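1. Sequence first, predicted model second:
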Amino acid sequence: MKNVTNDIFYIGVNDHELDLFEGQYDVPNGMAYNSYLIKDEKIAVFDTVDKNFTEPWLANLKEALGGRTPDYLIVQHVEPDHSANIASFLKEFPDTTVVGNAKTFTFINAFYPETEIKNQLTVKEGDKLSLGSHELSFIMAPMVHWPEVMMTYDSKDKVFFSADAFGKFGALDADEDWACEARRYYFGIVGKYGAQVQGLLKKAAALNIAVICPLHGPVLTENLPYYIGLYNTWSSYGVESEGVFIAYTSVYGNTKKAAELLKEKLLEKGCPKVAIADLAREDMAESVEDGFRYGKLVLATTTYNGEIFPFMNQYIDWLIERNYQNRTIGIIENGTWAATAAKCIKAKFEKSKNITWLDTTVTIKSALSADSIAQVEALADELMK
């Protein structure tokens, strides 16, 4: 337990046992499941934690309560890493009023049909709940990133409880840069819902926010325009960093050589940043993150069964599923007898918005030749324009 403000306490837990978040995202520095408590004339608890941390969470809760009984359990998000202990909570405090919107209770019933809620309060956009000196306002945020999501604003301490928004991978005791793991989290989990996040940011702009309390990652108390600015860039599919990201797959090493040659040429020409990734060996979510971070993307891959090499195919699917748009793309294709990768790549992006294709497509027939090296040079020149 630790103080967020004089009356608001952090009662969440760190998870260093988890290897894959949501069964797919590598979390080498663990995960935080955040929960909060406001102690006033009445007491409100915000969300629970993952099912594997019932006992430490209840211990944190009881320490913060100091012998008192909670009046409200506010359920902002029913995803199980935040809601799995609703039944455990109600077993300890059966008379507590559970607060949520109409979809909240539908989802609770779907996930936990045997959970009996004795008292419930259904709220909607703009509804208020007084705890005494603290007045809470409820903000609906559907599809950020589930339909039932809502957020809460405390007008006394100017605290915004933001559910999964402004979250990140990593336990709270991990010493790591916020933006890197927040970006990977955002584009992996929330990235498809940029329009909904933009709507949320417009609502948040009307609030006087001093503290952001997300359900994953650290409580944000300083330089809030930095975090909000990044969220605005990410959710509007804007360019965060000037530079080029080269994503490649390679069977016998020749496409890799072409990708590395392009990187070398770009750096020689003064490109501010060139990132490169082997999609078969590096974390796919990090490559998705870099695909959205930079304004220019180069896809280098082999033709495979008349289509695109599997890891590149998966990578493109991850991008377009997350509404990839407003970017410039170049292609390096490799095919000994029938190079069709470039055609297939362009077809996959047909429904993506505001994609600019570079005129130069590098075509390699097995290994780099004088002709294909010249094409790499021309692609580098075009990327530098």
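-> Structure's in. What do you need?

2. Report the central residue of the protein.
-> The geometric centre of the chain, computed from its C-alpha atoms, lies nearest to residue 186 (CA atoms, centre = their mean), at 1.7 Å.

3. Can you check the pLDDT for that one?
-> At residue 186 the predicted local confidence, pLDDT, stands at 97.

4. thought residue 320 was touching residue 349?
-> Yes - counting by CB atoms under 8 Å, residue 320 touches residue 349, with 6.6 Å between them. (Each C-beta comes from the backbone N, C-alpha and C, glycine too.)

5. burial count for residue 243?
-> Around residue 243 sit 18 other residues, with neighbours defined as other CB atoms under 10 Å.

6. Mind telling me what element it is part of?
-> Assignment of secondary structure by DSSP states H and E places residue 243 within strand 241-248.

7. Adjacent strands (with direction) for that strand?
-> Each strand pairing with strand 241-248, determined using DSSP bridges, is listed with its direction: strand 274-278 (parallel), strand 294-304 (parallel).

8. Pass me the low-pLDDT residue ranges in this structure, would you?
-> Under the criterion of pLDDT under 70, none of the chain is flagged as low confidence.

9. Can you give me the domain assignment for it?
-> Following automatic domain parsing, one gets these domains for the chain: 2-235, 241-380.

10. do you know how far the closest residue to residue 46 other than its chain neighbours is from residue 65?
-> Distances taken as CB to CB, 6 or more residues apart in numbering place residue 36 nearest to residue 46, at 4.2 Å, with adjacent residues excluded. Distance from residue 36 to residue 65, counting by CB to CB, to the nearest Å: 13 Å.

11. who's more crowded, those two?
-> Set side by side, residue 36 and residue 65 show unequal neighbour counts under other CB under 10 Å, the larger going to residue 36 at 23 against 19.

12. quick one: residue 76 and residue 146 touch, right?
-> No - if you go by CB under 8 Å, residue 76 and residue 146 don't touch, sitting 10.3 Å apart.

13. okay, those two: which has more neighbours?
-> The neighbour count for residue 76 versus residue 146, taken as other CB under 10 Å, is higher for residue 76 (25 against 16).

14. OK, contacts around the more buried one?
-> For residue 76, the contacting residues are 46, 47, 82, 100, 149, 150, 151, 152, 161, 163, 215, taking CB atoms under 8 Å, 6 or more residues apart in numbering as the criterion.

15. would JSON lines of those with secondary structure and neighbour count be doable?
-> As requested, the contacts of residue 76 are exported to JSON lines (DSSP: H, G, I helix; E, B strand; the rest coil; neighbours: other CB atoms under 10 Å):
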{"residue": "46", "secondary structure": "strand", "neighbour count": "26"}
{"residue": "47", "secondary structure": "coil", "neighbour count": "25"}
{"residue": "82", "secondary structure": "helix", "neighbour count": "24"}
{"residue": "100", "secondary structure": "strand", "neighbour count": "26"}
{"residue": "149", "secondary structure": "coil", "neighbour count": "27"}
{"residue": "150", "secondary structure": "strand", "neighbour count": "25"}
{"residue": "151", "secondary structure": "strand", "neighbour count": "25"}
{"residue": "152", "secondary structure": "strand", "neighbour count": "23"}
{"residue": "161", "secondary structure": "strand", "neighbour count": "27"}
{"residue": "163", "secondary structure": "coil", "neighbour count": "29"}
{"residue": "215", "secondary structure": "coil", "neighbour count": "27"}
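
16. Could you find which two of those are furthest from each other?
-> Maximum pairwise distance among the contacts of residue 76 (CB to CB): 14.5 Å, between 100 and 215.

17. can you pull out the strands in the stretch 251-385 of the chain?
-> Counting by DSSP state E, counting those that start in this stretch, the stretch 251-385 of the chain forms strands over residues 274-278, 294-304, 307-308, 327-334, 355-364, given from the N-terminal end onward.

18. Ok, which of these comes nearest residue 344?
-> Comparison of the strands of the stretch 251-385 of the chain against residue 344 by CB to CB identifies strand 307-308 as nearest, at 5.0 Å.

19. What strands line up against the closest one, and which way round?
-> Applying DSSP bridges, strand 307-308 is found paired with strand 294-304 (antiparallel).

20. any idea how far the strand it pairs with is from the chain center?
-> In terms of CA atoms, centre = their mean, to the nearest Å, the gap separating the centre of strand 294-304 from the centre of its chain is 23 Å.

21. List the buried residues for it?
-> Under the neighbour-count criterion of 16 or more other CB atoms under 10 Å, strand 294-304 has 294, 295, 296, 297, 298, 299, 300, 301, 302, 303, 304 buried.

22. what does stretch 116-135 give?
-> Counting neighbours by 16+ other CB under 10 Å, the buried set in stretch 116-135 is 117, 123, 127, 129, 131, 134.

23. how much space is there between the third one and residue 102?
-> Residue 127 sits 12 Å away from residue 102 when distances are taken as CB to CB.

24. returning to that earlier point: spatially, which two of the buried residues of stretch 116-135 are the most separated?
-> 117 and 134 (23.3 Å).

25. Tell me how many other residues surround residue 69.
-> Under the neighbour criterion other CB under 10 Å, residue 69 is assigned a count of 11.

26. If we ignore the residues flanking it in sequence, what's nearest it?
-> For residue 69, the nearest residue in space outside its immediate sequence neighbours is residue 93; the separation is 5.9 Å by CB to CB, 6+ apart.

27. Hmm, that neighbour is touching residue 72, no?
-> No - taking CB under 8 Å as the contact criterion, residue 93 and residue 72 are not neighbours in contact, 10.2 Å apart.

28. Looking at the two, which is more packed in?
-> Here residue 93 and residue 72 are compared on neighbour count by other CB under 10 Å; more neighbours surround residue 72, at 20 against 16.

29. tell me, how many neighbours does the residue lying closest to the more buried one once chain neighbours are set aside end up with?
-> Distances taken as CB to CB, 6+ apart put residue 44 closest to residue 72, at 4.3 Å, once the chain neighbours are dropped. The tally of other residues near residue 44 (other CB under 10 Å) stands at 25.
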